[in-house]
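**Q** Show me the folded form of this:
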Amino acid sequence: MKKEIILKPVKASEKLFKDFEKKKLIKLFRPTLKTISTKTKTGAVSRLYSSRKIFGTHSLMCVGKRTTDIRLSYHDDNEDLILLNPLGMKFKKLYFIVSALKKTQFLKKFLSGLLSPKDLTAVELEFNDPALSFFTVLKGTVHCEITDASKKQHPIFFVSEPSRLKDNKLSAFLYDIRISPEKT
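**A** Here you go, the predicted structure:
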């Protein structure tokens, strides 16, 4: 006869999860000191972990975004954006600049000087929204993330991607791409 084990479910709580973390069972998503306190122009990235090759390549990073210039790029594989703010910090705005044109079409227009505002969208991202704060940027999607130039705390978010994913930056020699100033 099998031994019966009956489990009574408990509600998730910070106390419970901190206990799991103390026991090295889980790792909560929290900004690193490096990403919170960065003063560089572009920001900082802390690699939280990378999987060992034997299990496949994958990494999770914490990004402190200070970049205000739009520098478009694309990747040859997918990446996940995770917009959690577990500390409840007051961030300045985080924008996702994205083209509806995939890499090949975009590059053709970009290099011929025919790129127009219709080819790009600037999305003000939301933190801690179950429907909008977790998404995958698919391979070949031309995009970047930027913030505004205000003096507030720069945004911090998480990125999960292959550990050797290259950032194929596009030179902006033909364009000055900006977000229109907001009306106050």
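
**Q** Tell me the spacing between the most centrally placed residue in the chain and Lys22.
**A** By CA atoms, centre = their mean, the chain has its centre lying nearest to Leu81, at 3.9 Å. Noted for Leu81: a distance of 29 Å to Lys22, by CB to CB, to the nearest Å. Heads up, the C-betas are built off the backbone N, CA and C, glycines and all.

**Q** cool, Glu145 as well?
**A** Relative to Lys22, Glu145 is positioned 33 Å away (CB to CB).

**Q** And Asn168, by the same measure?
**A** Here the distance between Asn168 and Lys22 works out to 41 Å (CB to CB).

**Q** The two: which is more packed in?
**A** The neighbour comparison of Asn168 against Lys22 (other CB atoms under 10 Å) goes to Asn168, with 14 against 9.

**Q** thought the more buried one was touching Leu72?
**A** No - using CB atoms under 8 Å as the test, Asn168 is too far from Leu72 to be in contact (9.5 Å).

**Q** which ones are touching Asn168?
**A** The neighbours of Asn168, taking CB atoms under 8 Å, 6 or more residues apart in numbering as the test, are Ser73, Tyr74, His75, Asp76.

**Q** For it, list each beta-bridge partner.
**A** For Asn168, the residues forming beta bridges with it (DSSP bridges) are Tyr74.

**Q** mind starting the numbering at 135 from now?
**A** Yep, numbering from 135; the last one is Asn302 now.

**Q** Test for you: state the pLDDT assigned to it.
**A** Predicted confidence (pLDDT) for Asn302: 93.

**Q** what does the one 3 residues further on give?
**A** Per-residue confidence for Ser305 comes out at a pLDDT of 84.

**Q** likewise Asp263?
**A** Reading off the confidence values, Asp263 has pLDDT 92.

**Q** For it, which three-state class applies?
**A** Going by DSSP: H, G, I helix; E, B strand; the rest coil, the secondary structure assigned to Asp263 is coil.

**Q** Kindly report the same for Thr238.
**A** Applying three-state DSSP to Thr238 yields a three-state assignment of helix.

**Q** Could you give the number of residues near it?
**A** Other residues near Thr238 number 8, with proximity taken as other CB under 10 Å.

**Q** With Phe268 instead?
**A** Counted by other CB under 10 Å, the residues lying close to Phe268 total 14.

**Q** Identify the bridge partners of it.
**A** Partner residues in beta bridges with Phe268: Ile216, with DSSP bridges as the criterion.
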